[in-house]
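Enquirer: sequence first, then the predicted structure, then my questions.
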Amino acid sequence: MPVENYLELLPIIVLGVFFFAITVFMLYWAANRGHFRNMEAQSKVIFTEEEPEGVFSDSFPDKR
């Protein structure tokens, strides 16, 4: 690719830098809000008495 054509990649590079900066900011925001603290307890929030942890309640239909 000739050097003159690298300017065509500039919008893609700018978008890449923009999305990378947004990602870093969102990780920083989540860390400051405490979303990464006590991840073991947070991973068990989705379980209830109806669907306890370690019990398989979902399955695929039988293949015939």
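Expert: Thanks, I have it. Everything numeric here is computed off the predicted structure, so don't read it as measured data.

Enquirer: from here on, contacts and neighbour counts on C-alpha atoms
Expert: OK.

Enquirer: need the distance between the two termini of stretch 51-59.
Expert: 13 Å (C-alpha to C-alpha, to the nearest Å).

Enquirer: how far away from the center of its chain is that stretch?
Expert: 24 Å (C-alpha atoms, centre = their mean, to the nearest Å).

Enquirer: do stretch 22-39 as well
Expert: That offset, for stretch 22-39, works out to 11 Å (C-alpha atoms, centre = their mean).

Enquirer: pLDDT of it, averaged?
Expert: Stretch 22-39 shows a mean pLDDT of 93 in the predicted model.

Enquirer: begin at 4 from now on, thanks
Expert: Noted, 4 is the first residue going forward, which turns the last one into stretch 25-42.

Enquirer: please save the CA atoms from it in CSV.
Expert: Taking Å, rounded to 0.1, in the frame of the first residue of the first chain, the C-alpha atoms of stretch 25-42 are listed here in CSV:
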residue,chain,number,x,y,z
ILE,A,25,-14.2,4.5,26.2
THR,A,26,-13.4,0.9,27.2
VAL,A,27,-10.6,2.0,29.6
PHE,A,28,-12.9,4.7,31.0
MET,A,29,-15.8,2.2,31.6
LEU,A,30,-13.4,-0.2,33.4
TYR,A,31,-12.1,2.6,35.6
TRP,A,32,-15.7,3.7,36.3
ALA,A,33,-16.8,0.1,37.2
ALA,A,34,-13.7,-0.3,39.5
ASN,A,35,-14.4,2.9,41.3
ARG,A,36,-18.1,1.9,41.8
GLY,A,37,-17.1,-1.4,43.4
HIS,A,38,-18.4,-3.7,40.7
PHE,A,39,-15.2,-5.9,40.9
ARG,A,40,-15.3,-6.3,44.7
ASN,A,41,-16.3,-9.6,46.2
MET,A,42,-16.9,-11.2,42.8
